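Engineer: Coordinates for the following, if possible.
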Amino acid sequence: MGISRLPKASLLDTALFAGAVFLPTFAKGPIIRRPRVVALVERFRLDDRAVDAVCRIHSRNPEGPLLLRLPLRHQALILAPGHVDTVLNMSPDPFSPASAEKRAALTHFQPNNVLISTGPIRSVRRALQEQVLDTDHPIHLLADAFLPVVREEMDELLATAAERGELIWKDFLAAWYRVVRRVVFGDHARDDSELTDMIVQLRRNGNWAFLRPQQKKLRAKFLARITEELARAEEGSLASVMAARAPRFEGAAPAEQVPQWLFAFDPAGMATFRALAVLATHPEARSRARQELHDDGSSRSFLPYLRSCVLEALRLWPTTPLILRQTTRPVEWEDGMMPAKCGVLIFAPYFHRDERNLPRAHQFAPERWLDDDGGDSDGWPLVPFSDGPVVCPGKQLVLLLTSAALAQLIDRTDLHLTSRHRLDPQGRLPGTLDNYSLRFAPSPRGEG
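Structural biologist: Numbering: from 1, shown residues only. I've put the predicted structure just below:
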């Protein structure tokens, strides 16, 4: 007797998922955000409604995974927390991160990146990434070079904000990109906005995945520029580590691993600015963060509470809401067989905001990420950087830089949120926080 396939969603539930989850996520921009759409999603609370929609689907289909009724392609929705662990812990085989959708989007600017590689060559590229990004260590081997860069750029940002009387996203992003270019390529690249402008354009094309032709000339020019940067490899930069390690890994395509860093640091900046907004409106969290700075003996290279603030901002407002996988072969589950080449969808906000199982699901609670306070909410799937063998290799480096940026911004400055956002420490935080419209009024600490 053959093994049956997984249960199928009804047409109604498939339409509900497509309309409430997929369309708003696609409209916001899966590769680079569209600010106007983010504002509309926030205004109409579409991300809150997406979580509610998946909750209703789960209530009608308590087991899962659930095959959606879609033409042309199998897609399975993960609904149980234990199944999230299964998928992420069994990646890249049989659950490959190189899904068809991800390949179509990322090929626009990094066609040979580890994220969309398979087989032995993926292992080669992953090993190189882990060595350069120092994946296994919370303090990167070049932290002593990186942290002064963060301090300098954040101090300049604060000086600009003091002069103008306002801190806005546009100014923060410009400062953040200066940090990114100096960290990745060295001080000489500080003002080379042309390089980051190219990847912004290519990422905009990537938003359309299959639906827009690739700009191959622009991509070739962009990758040639990165190759030149790796050749000059300024000491104390990620490029210098890449240049030193890459010759050991045949087929690693080092130039095509670098765009992912530039890509990933963009949402890291979004998370930092959102965390800043929450700290500006949550006095107890801000006080604890400042106490950590006062007691710090690591020269700000390891700030567990501020790192937790970034993680909590990413939990509340994931920059990768849909985690995608694709089966490399048929996979048997308790309730049936998942076919080969089946897309697998994990909607992270559903688990991150599950008030039935997660304490303070809609509030800012950084302590949930600290080992001495329980750590990761006792195994519940909170996955802002994914998890398992294909967890983001730059997780620790991102937390190093973002926590250092927050430290510099809050240490001697009071930032008062002046935009329309209401972030009540005791109330329910919104499902969307539009970082593009956040505004702060700065003042020297204690004078506000």
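Engineer: avg pLDDT for stretch 362-380?
Structural biologist: Across stretch 362-380, the average pLDDT comes to 78.
Engineer: So for that stretch, first residue to last residue, what's the gap.
Structural biologist: Its start and end residues considered, stretch 362-380 measures 15 Å (CA to CA, to the nearest Å).
Engineer: what's the answer for stretch 183-195, then?
Structural biologist: Chord length of stretch 183-195, first to last residue, is 14 Å (CA to CA).
Engineer: try stretch 26-38
Structural biologist: First-to-last residue span, stretch 26-38, CA to CA: 11 Å.
Engineer: For it, which residues meet the burial criterion?
Structural biologist: Neighbour-count burial for stretch 26-38, counted by 16 or more other CB atoms under 10 Å, picks out Phe26, Ala27, Lys28, Gly29, Pro30, Ile31, Ile32, Arg33, Val38. The way it works is simple: take the backbone N, C-alpha and C, and place the C-beta from them, glycine included.
Engineer: is it fair to say Leu324 lies in a helix?
Structural biologist: No. The assignment for Leu324, made by DSSP: H, G, I helix; E, B strand; the rest coil, is strand rather than a helix.
Engineer: Surely it is in contact with Leu345?
Structural biologist: Yes. Between Leu324 and Leu345 there is a contact under CB atoms under 8 Å: 6.7 Å.
Engineer: ok, these two, which is more surrounded?
Structural biologist: Legend: neighbour count by other CB atoms under 10 Å for Leu324 and Leu345, higher for Leu345 (23 against 20).
Engineer: pLDDT score for that one?
Structural biologist: On pLDDT, Leu345 comes in at 98.
Engineer: Can you give me every residue that contacts it?
Structural biologist: Gln75, Ala76, Leu77, Ile78, Leu322, Ile323, Leu324 (CB atoms under 8 Å, 6 or more residues apart in numbering).
Engineer: out of the buried residues of stretch 26-38, which one sits closest to Ala159?
Structural biologist: Using CB to CB, Arg33 is the member of the buried residues of stretch 26-38 that lies nearest Ala159, at 27.5 Å.
Engineer: what's the nearest residue to Arg286 if we skip its chain neighbours?
Structural biologist: In space, and not counting its chain neighbours, Arg286 is closest to Leu279: 4.7 Å by CB to CB, 6 or more residues apart in numbering.
Engineer: dump the residue contacts of the one you found.
Structural biologist: The contact partners of Leu279, by CB under 8 Å, 6+ apart, come to Ala285, Arg286, Ala289, Cys309, Leu406, Ile410, Leu415.
Engineer: Now tell me what touches stretch 271-278 from outside.
Structural biologist: 169, 172, 176, 285, 309-310, 312-314, 316-317, 319, 364, 402, 405-406, 409-410, 415, 417, 421, 423, 429, 433, 435, 438, 440.
Engineer: element containing the residue nearest the centre of the chain, please.
Structural biologist: For the chain, the residue sitting closest to the mean C-alpha position, by CA atoms, centre = their mean, is Thr319 at 4.4 Å. Using DSSP states H and E, Thr319 is not contained in any helix or strand.
Engineer: so it touches Pro267, yeah?
Structural biologist: Yes. If you go by CB under 8 Å, Thr319 and Pro267 touch, sitting 3.4 Å apart.
Engineer: okay, stretch 114-132 in CSV with CA atoms only?
Structural biologist: Extracted C-alpha coordinates of stretch 114-132, given in CSV (Å, rounded to 0.1, in the frame of the first residue of the first chain):
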residue,chain,number,x,y,z
VAL,A,114,26.2,30.0,-1.2
LEU,A,115,22.5,30.7,-0.5
ILE,A,116,21.5,29.4,-3.9
SER,A,117,24.3,26.8,-4.3
THR,A,118,23.8,23.0,-3.9
GLY,A,119,25.9,19.9,-3.5
PRO,A,120,29.6,19.9,-2.7
ILE,A,121,30.2,23.4,-4.1
ARG,A,122,27.7,24.7,-1.5
SER,A,123,29.9,23.2,1.3
VAL,A,124,33.0,24.9,-0.1
ARG,A,125,31.3,28.3,-0.2
ARG,A,126,29.7,27.9,3.2
ALA,A,127,33.1,27.0,4.7
LEU,A,128,34.7,30.1,3.2
GLN,A,129,31.8,32.3,4.5
GLU,A,130,32.1,30.9,8.0
GLN,A,131,35.9,31.5,8.2
VAL,A,132,35.7,35.1,6.9
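Engineer: From the chain's centroid, how far away is that stretch?
Structural biologist: For stretch 114-132, the separation from the chain centroid amounts to 19 Å (computed by CA atoms, centre = their mean, to the nearest Å).
Engineer: same deal with stretch 342-360?
Structural biologist: In terms of CA atoms, centre = their mean, the centre of stretch 342-360 is found 16 Å from the chain centre.
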